[in-house]
Each structure stands twice: as C-alpha cells, then as structure tokens.
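> Sequence and predicted structure, then a few things I'm wondering about:
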Amino acid sequence: PTRPRLFSGMQPTQDSLHIGNYLGALVNWVSMQEEFEAIYSVVDLHSLTVDVDPGVLRTRTRATAAQYIAAGVDPAKSAIFVQSHVAEHAELTWVLSCITGFGEAGRMTQFKDKSSKRGSEGTNVGLFTYPILMAADILLYDAARVPVGEDQRQHLELSRNLAQRFNGRYGETFVVPEPHILQATAKIQDLQEPTAKMSKTSPAGSIDLLADPKQTAKRIRSAVTDLEREIRYDEAEKPGISNLLSIYSALDGRTIAQLETDYEGKGYGDLKKDLAEVVVGVLGPIRERAMQLLDDPAELDRILADGAERVRPIASATLARVYDRVGL
Ligand code: ADP
Ligand code: NA
C-alpha cells in the first residue's frame with residue numbers, strides 16, 4: 001500500500017532556524033516521514049516577496065536544507081528539494097491565479113496585515129499572489145495532507161477552494177488537500193518577550209539551531225521571567241517560566257506537571273541552568289551535523305538535486321494534466 005503524500009516547506013528567510021521551527025515543525029516532519037511519503041521543500045520563490053541580497057538568499061537556502069537534514073529529515077526516506085529547481089511551481093501558479101478572484105485573494109488576512117504595514121507602493125504583487133503559489137506547491141504533488149499551523153489555515157482553505165473550483169470547471173484534476181493539524185505542537189515564545197511567538201523578526205529572544213552553545217546557554221540564563229519564585233506553568237501570569245517549561249518538556253520528555261514537581265522548592269536559576277544543558281545537548285549534535293553539511297556544498301547540492309529529480313516527474317505530470325484540461 002502506498003503511503004499518503006504530504007507536502008511542507010519553510011522559507012529561507014533566516015541564517016539559522018530557531019527552536020520554535022524545530023519543535024513546532026521539524027520534529028513533526030521527522031516523525032511523519034514513516035507514515036507519509038513526505039516532500040519537504042525550501043520554498044525560495046516565496047522568500048522573494050521580501051527584498052533580499054542574492055548571495056544571502058543562496059546561502060540561506062542551503063543552510064535551511066542542511067538544518068532539515070541535521071534535524072533528522074532523511075533524504076533516503078523523504079524528498080528534500082529547493083522550490084525554484086522545479087519550474088512547475090511557477091507555471092501552475094499562473095494557471096491558478098487565473099481562477100482566483102481578486103477580492104478572494106485580497107481577503108487573506110496575512111496579505112491585509114503585511115500590505116497595510118508596507119503601504120500600497122511598498123507592497124509587491126508577489127505578496128498578493130503568495131497564497132496562490134502556496135496552493136500550487138501543494139496541488140502539484142496531489143498532497144493529501146498538509147501540516148499547518150493556525151496562521152496558515154486560511155491559505156490552505158484557499159488551496160482547497162482552488163482545487164475544488166478547478167475540478168468543478170475542468171473535471172477531476174486535483175486532490176483536495178486536508179489540513180493535518182499537528183497534535184500537541186509546541187508553540188515556543190520569545191525569551192525576551194514571552195507573550196510573543198519566537199520568530200525570525202526578533203532574533204535576540206530566540207534560540208538558534210546554528211548558534212554557539214555558549215550563546216545559547218547565555219540566552220536561556222537571561223530569559224525574562226517574573227518576580228515570584230515558584231516554578232509553575234501559568235501562561236497568563238507567568239509566560240516566561242511557562243515558556244521555559246514548554247521547551248524543557250518538549251525536549252526532555254517529562255510532562256510539565258512532572259517538571260513542576262521535580263523543581264518544587266528550587267530557583268529559577270536552577271531551572272535555567274538545567275534547561276540550558278538539555279537544549280545544548282539536543283541542539284549541539286544538530287548544529288554539528290549542519291556544519292558538516294555546509295562544509296561540503298557539493299554533497300548538499302547533490303542531495304537537493306536528487307530531491308528535485310524525485311519530485312519533478314510528479315509535478316510535471318500534474319502540470320501536463322492541467323494544461324491539457326485548460327486547453328494549453
Ligand atoms: P515560514 O514563513 O517559512 O513559514 P516561519 O518562521 O513562520 O517561516 O515558520 C516555519 C515553521 O516553523 C512553520 O511550520 C511554523 O509553524 C513553525 N514555527 C515558527 N515559529 C514557531 C514558534 N515560535 N513556535 C512553534 N512553531 C513555530
Ligand atoms: Na509563516
């Protein structure tokens with residue numbers, strides 16, 4: 001029996017992924033490789049919506065792929081590839097954009113947020129059509145499942161609508177993707193501002209996969225907490241401590257309740273010191289493996305070329321079906 005296909009990707013928008021990307025996405029990608037035929041992409045076309053230096057983009061694309069592999073995505077089991085290496089992504093986007101309503105695309109809340117911040121002159125059309133490119137990413141591979149966080153739900157809904165609309169108009173062509181809601185996905189908060197999500201936009205409060213272990217330990221020691229002494233999970237009243245407990249629990253396997261019991265009567269300093277050890281213990285080998293991969297760009301490029309070769313036949317068969325259906 002063939003395994004259901006799954007597609008996911010991250011943008012190469014940062015020099016290093018952070019522990020939120022690891023616990024919120026990569027850990028799940030790794031475990032899903034067994035149950036699914038997984039396709040994991042570094043979605044570099046998406047990242048052109050933000051102004052970026054070409055050399056920096058190229059470096060980040062390789063670094064992102066290296067971190068997928070270092071975190072445990074196995075190129076022997078899953079296809080790992082760079083989106084722009086498979087031209088069908090851009091080609092299908094055009095066809096899909098021609099069945100997307102202007103108003104429909106304009107209702108995407110992420111677009112509304114970003115464009116209102118940048119103003120209409122500072123907003124490129126790529127930002128507007130971004131969710132259509134995302135639909136193409138998914139529909140090209142007949143992906144039955146797409147692991148998504150809350151923030152991508154609306155975009156996945158658009159992908160489903162486009163698939164259904166195309167099928168209705170031209171005959172059964174696309175698999176309508178189902179969201180794969182990740183159970184118990186860790187949501188990691190910023191260390192300096194624990195009421196906000198850890199993100200690439202506030203690097204000072206993040207724990208980076210490629211960071212030096214000393215820097216990581218220091219960041220954990222300087223994490224913002226509160227004026228009490230009690231190590232107790234309470235997101236509203238104690239967001240800093242709660243975040244540290246979440247990270248700890250996700251990495252070490254103990255439940256948060258167990259950690260609360262184990263740290264009864266101990267201080268925040270003890271918690272931070274132990275957590276730093278746990279984090280460095282998990283991330284250290286990932287960092288080393290990523291560094292090795294980045295030291296051997298030829299081998300990394302070979303893995304990525306192999307990934308693209310594995311997925312291209314699927315993508316080109318889908319695009320051929322689509323072109324045939326619409327009369328191209
Ligand atoms: P992209 O634009 O590539 O999606 P993000 O940084 O928004 O980049 O997210 C990449 C992946 O990491 C997504 O699956 C996202 O849900 C996950 N992720 C990002 N930040 C966090 C966080 N703080 N906690 C948990 N998961 C996160
Ligand atoms: Na995102």
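Received, thanks. Ligands and ions are numbered 1, 2, ... in the order given.

> Please count neighbours and contacts with C-alpha atoms only from this point.
Will do.

> close to ligand 1, is stretch 22-33?
Yes. Contact between stretch 22-33 and ligand 1, assessed by Cα under 6 Å from any ligand atom, occurs at 24, 25.

> Mind checking the pLDDT average for the helix or strand hosting residue 41?
Residue 41 belongs to strand 37-42 when assigned by DSSP states H and E. The pLDDT scores in strand 37-42 average 97.

> cool, stretch 232-249 as well?
Rounded mean pLDDT across stretch 232-249 is 97.

> where are the low-confidence patches of the stretch 1-150 of the chain?
For the stretch 1-150 of the chain, the stretches flagged by pLDDT under 70 are 1.

> Which positions in it make contact with ligand 1?
With the criterion set to Cα under 6 Å from any ligand atom, the stretch 1-150 of the chain comes near ligand 1 through 10, 11, 20, 21, 24, 25, 149.

> which residues does the closest residue to the third one other than its chain neighbours contact?
Same thing as residue 20. Using Cα to Cα, 6 or more residues apart in numbering and skipping residues adjacent in sequence, the residue nearest residue 20 is residue 188, 5.1 Å away. By Cα atoms under 8 Å, 6 or more residues apart in numbering, residue 188 lies in contact with 19, 20, 23, 24, 197, 198, 243, 246, 247.

> Now, the residues of the stretch 1-150 of the chain next to ligand 1 that are in strands?
The strands, defined by DSSP state E, take in residue 10 from these.

> Serialize the residues of the stretch 1-150 of the chain next to ligand 1 to a markdown table and add fields for neighbour count.
Shown next, in a markdown table, are these (neighbours: other Cα atoms under 10 Å):
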| residue | neighbour count |
| --- | --- |
| 10 | 20 |
| 11 | 19 |
| 20 | 24 |
| 21 | 20 |
| 24 | 19 |
| 25 | 22 |
| 149 | 15 |
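
> circling back to that earlier point, which one of the contacts of residue 188 is nearest residue 119?
Residue 119 lies nearest to residue 197 out of the contacts of residue 188, by Cα to Cα, at 24.5 Å.

> quick one: that closest one from ligand 1, how far?
Distance of residue 197 to ligand 1, computed by Cα to the nearest ligand atom, to the nearest Å: 5 Å.

> repeat for residue 155
To ligand 1, residue 155 is 12 Å away according to Cα to the nearest ligand atom.

> try residue 6
Distance of residue 6 to ligand 1, computed by Cα to the nearest ligand atom: 14 Å.

> So what touches the one helix or strand that residue maps to?
Assigned by DSSP H and E, residue 6 belongs to strand 5-10. Identification of contacts with strand 5-10 by Cα under 8 Å, 6+ apart yields 36-43, 64, 137-138, 141-147.

> Give me the PyMOL select line for those, limited to the buried ones.
Buried subset of these, written as a PyMOL selection, criterion 16 or more other Cα atoms under 10 Å:
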select buried, resi 36+37+38+39+40+41+42+43+64+137+138+141+142+143+144+145+146+147
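
> picking that back up, just the CA coordinates of the strand holding residue 41, formatted as PDB?
The C-alpha coordinates for strand 37-42 follow below in PDB (Å, rounded to 0.1, in the frame of the first residue of the first chain):
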ATOM      1  CA  GLU A  37       5.500   9.900   1.500                       C
ATOM      2  CA  ALA A  38       6.900  13.200   2.600                       C
ATOM      3  CA  ILE A  39       8.100  16.000   0.400                       C
ATOM      4  CA  TYR A  40       9.900  18.800   2.200                       C
ATOM      5  CA  SER A  41      10.800  22.000   0.200                       C
ATOM      6  CA  VAL A  42      12.900  25.000   0.900                       C
END
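
> list the helices and strands it packs on?
strand 5-10, helix 54-70, strand 79-82 (3 or more Cα pairs under 8 Å, 6 or more residues apart in numbering; DSSP states H and E).

> for the stretch 151-300 of the chain, which spans come out with low pLDDT?
By pLDDT under 70, the low-scoring segments of the stretch 151-300 of the chain are 182-185.

> could you pull out the strands for it?
178-181 (DSSP state E, counting those that start in this stretch).

> can you give me the helices in it?
Here the stretch 151-300 of the chain has its helices, by DSSP state H, counting those that start in this stretch, at 153-170, 213-221, 239-252, 256-262, 268-295, 297-326.

> for ligand 1, what are the nearby residues on the stretch 151-300 of the chain?
Counting by Cα under 6 Å from any ligand atom, the residues of the stretch 151-300 of the chain close to ligand 1 are 186, 187, 188, 189, 197, 198, 199.

> give me phi/psi at the most far-flung residue of the chain relative to its centre?
Most distant from the centre of the chain: residue 265, at 37.7 Å, with distances by Cα atoms, centre = their mean. Backbone torsions of residue 265, given as degrees, to the nearest 10, read phi 80, psi -10.

> Sweet, I'm off.
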